[in-house]
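>>> Structure for the following, please:
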Amino acid sequence: MSSIDLESLSEAASGAVGALVSTTLLYPLDTCKAKFQAELRSHGQRRYRYLSDVLFEAMSKGQILSLYQGLGTKNLQSFIAQFVYFYGYSYFKRLYLETTGYKSIGTKANLVLAAGAGACTAIATQPLDTASSRMQTSAFGKSKGLWKTLTEGSWSDAFDGLGISLLLTSNPAIQYTVFDQLKQRMLKSKQDQNGKGSQEALSAFSAFLLGALSKSIATVLTYPAIRCKVMIQAADPTDEADKKAKADDKPKLRPQKTVPKVLYAIWKKEGVPGFFKGIEAQILKTVLSSALLLMIKEKISATTWVLILAMRRILVVNQGRLKKP
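You can find the predicted model right below:
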């Protein structure tokens, strides 16, 4: 195992742990956001007029802990997704440099490598992503377990929204491009003020602001696809439909949701504003999650690297002992 592979493993492990912590801390907000996004206005009526209405409903029904329904599945999905992404991204970069002989990676190549890592992540974790969305958007207190959620429909149902998930790999690509352009302009402005020969770098605060702004822009540009994905993966309304199905003693088949059907339903019932319903909550959750993930990742990355090196040394010593006669 090469040192580069160990570095990839360290990046993957620290990123996965960062995702685990940030997902847990922000999960109630994520649940409220998902239920708010999944609702489609019917006959001019809307159950949730504001995001806070979801929270008030949970409180009024004494189901505040239901804001955490599906947390285990979401954490598992986040951990695996971040591990696969960070390891894949680091591995693809190493492979690219070894294959081309270049000493650095250009912006375009970086975007392609990031998109490739994102696509691998989406395919590997789509069933867990679908299951966690259904569990979050189920009625409070009526969420099913992971296995039951995955097996209640056909195998293809577990991959609902995969096409949009692959499309949304463009989100980090847009974010990176915007961040890079804003960074270059800010550094150029500083160089013009302090002299062309000066070496400038972004402060931590500036980097955070540019990261938040670039992520917000990427979210706005891809938000219709984000809401469409949530609606495709959301749990089906259960109350009246389930009662009628039980009364008729007939199995209720899950209606097939497609991107054109969902887009048309949003357009017909909510108009253009419907494509951006819940965008404020999405931006808030995404920016906070990204900031927490990167902060935690940076804090534990060095520790993770030390632990991996220590484990490697132990394995090498044990292997040497086993080889001795």
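>>> Phe92: what's it in contact with?
Each residue near Phe92 by CB atoms under 8 Å, 6 or more residues apart in numbering is listed here: Leu113, Gly116, Ala117. (C-beta placed from N, C-alpha, C; glycine too.)
>>> Now Pro127: which helix or strand?
Under the criterion of DSSP states H and E, Pro127 resides in helix 107-137.
>>> What residues of that helix count as buried?
Of all the residues in helix 107-137, those buried under the rule 16 or more other CB atoms under 10 Å are 109-111, 113-115, 117-118, 120-122, 124-137.
>>> same thing with stretch 48-55?
Neighbour-count burial for stretch 48-55 flags Tyr48, Leu51, Asp53, Val54, Leu55 (criterion: 16+ other CB under 10 Å).
>>> gap between it and the chain center?
22 Å (CA atoms, centre = their mean, to the nearest Å).
>>> One more: stretch 47-63?
For stretch 47-63, the distance to the chain centre is 24 Å (CA atoms, centre = their mean).
>>> Now do that stretch, average pLDDT.
What stretch 47-63 shows for mean pLDDT is 86.
>>> Next: stretch 157-164.
Throughout stretch 157-164, pLDDT has a mean value of 84.
>>> same deal with stretch 284-301?
Stretch 284-301 shows a mean pLDDT of 72.
>>> okay, and for the stretch 101-250 of the chain, where does confidence drop off?
For the stretch 101-250 of the chain, the stretches flagged by pLDDT under 70 are 195-202, 204, 237-250.
>>> list the contacts for Ile279?
Taking CB under 8 Å, 6+ apart as the contact definition, Ile279 lies against Thr219, Val220, Tyr223.
>>> hey, where'd the helices end up in the stretch 1-150 of the chain?
Counting by DSSP state H, counting those that start in this stretch, the stretch 1-150 of the chain has helices at residues 3-25, 27-38, 51-60, 71-100, 107-137, 146-151.
>>> angle of the fourth one against helix 107-137?
Read it as helix 71-100. 170 degrees (axes from the mean of the first three to the mean of the last three CA atoms, to 10 degrees).
>>> where does Pro28 land on pLDDT?
91.
>>> what's the burial count for it?
18 (other CB atoms under 10 Å).
>>> ok, back up a step: a markdown table for the helices of the stretch 1-150 of the chain, including distance to Ala281?
A markdown table is the format used below for these (distance: least, CB to CB, whole Å):
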| stretch | distance to Ala281 |
| --- | --- |
| helix 3-25 | 15 |
| helix 27-38 | 4 |
| helix 51-60 | 5 |
| helix 71-100 | 16 |
| helix 107-137 | 13 |
| helix 146-151 | 24 |
